[in-house]
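*Asks:* here's my sequence, what's the structure:
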Amino acid sequence: MCGKEMASLLPVRIEGTILNVCRDCAKFGDNVKAGGKPGTTAEPSVIQARLQNRERRMKTRDVYEGGEESFELAEDFPKRIKDAREKMGWKQEELAAKMNERVSIIHKLEAGTMHPDDVLIRKVEKTLEIKIKEKVTIAAVEKTSGKKGMTLEDFIKKK
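*Replies:* Purely as a prediction, here's the structure:
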């Protein structure tokens, strides 16, 4: 690292890379066994970790599998918002100021003409200390084989 020409160099790991350096520069890294392969590390490299994360993210899953739960906006969210605001004794202008939103947004939310996005939902829930999302369980759908055609029984059941 320093450029000194030395007869004996020591293998040292500096920031994940194994370098052969002099004794003075060896203090900047961790000692490595002389028999180890240069450039190898015990932990997986950053690239490998990112590839593994991508593989896990991109893995397909069946959306029709039952038992999964998700959160959806409650049907009565305008009433919940208005009731919570009135319970705290705030006007729409005060709520808008506390949420750092325009008053027209609060009007639209309470009227039910606007469906909020996730960021706005979190702001409303945090400011008013209420929940406007409900847990919904997705029903399991029975899979049918693609090889089997429509039978007379299926035709009768549909009518």
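
*Asks:* distance between the biggest helix by length in the chain and the chain's centre?
*Replies:* What stands out as the longest helix in the chain, according to DSSP state H, is helix 46-58. Mean-position distance between helix 46-58 and its chain equals 15 Å (CA atoms, centre = their mean, to the nearest Å).

*Asks:* may I see the buried residues of it?
*Replies:* Judged by neighbour count (16 or more other CB atoms under 10 Å), helix 46-58 contains no buried residues. All C-beta atoms are positioned from the backbone trio N, CA, C, and that covers glycine.

*Asks:* check stretch 112-129 too.
*Replies:* Under the neighbour-count criterion of 16+ other CB under 10 Å, stretch 112-129 has 116, 120-121, 123-125, 127-128 buried.

*Asks:* which ones among those lie within helices?
*Replies:* Per DSSP H, helices hold the following members of the buried residues of stretch 112-129: 120-121, 123-125, 127-128.

*Asks:* show me the contacts for the closest residue to P116 other than its chain neighbours.
*Replies:* Leaving aside its chain neighbours, P116 sits nearest to L109 (6.2 Å; criterion: CB to CB, 6 or more residues apart in numbering). By CB atoms under 8 Å, 6 or more residues apart in numbering, the contact set of L109 is 77-78, 81, 116, 120, 124.
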